[in-house]
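> A predicted structure for the sequence below; I have some questions about it.
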Amino acid sequence: MLWLASWDHYVHGDGEVQVFLPIAEDDGEHPPRIDVIYLKGLAWPDVLAPLGTSVSSATGRIPKKFLDSWESEGDCAGARVFEGEYRELLKVLAQAELRLDLIPLLKREADVSAVRTALALAATDVARASAGPPVKDELVTEILQLPT
């Protein structure tokens, strides 16, 4: 299960979707964010339609404390719960991804959480395709050869 929250940025005509790991309300001020994806303006939540019943309302599923925090930001477009493989979520979000000419530190490829997630997914892909346990050098070579 993952939590999704979106914010509309009307000035640039884009939306920002953040992906969070679920935590209990008492486990922290904010849930850990694992990714951020910028979407074409107002694509949220329609972009999630292909995921069908894997996406559901956040009400009663995400602690109110987190929802209230997100919604206190005036441009919050809402939150949802995703239950499925993260790779499937990324495939759907990537279809509406908007790559902006942002300040370098705001770009997805500069986001430490997003890079860690990408590396973990790449390692998973390599391990699934491997006949046996991958050797470190093989893993690095395979990851570098994955399509971008």
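Nice, I can see it.
> So which elements touch the helix ranked longest in the chain?
The single longest helix within the chain, with elements called by DSSP state H, is helix 112-129. Judged by 3 or more Cβ pairs under 8 Å, 6 or more residues apart in numbering; DSSP states H and E, the packing partners of helix 112-129 are strand 33-40, helix 86-95, helix 136-145. Using the backbone N, CA and C atoms, a C-beta is placed for each residue, glycine as well.
> If we use 7 Å, what do you get?
Contacts defined by 3 or more Cβ pairs under 7 Å, 6 or more residues apart in numbering; DSSP states H and E place helix 112-129 against strand 33-40, helix 136-145.
> Select, out of the ones you listed, the one closest to S113.
Taking Cβ to Cβ, strand 33-40 is the member of these nearest to S113, at 5.1 Å.
> what's in contact with the closest one?
Strand 33-40 is contacted by residues 14-21, 47, 93, 96-98, 100, 108, 111, 113-114, 117 when judged by Cβ atoms under 7 Å, 6 or more residues apart in numbering.
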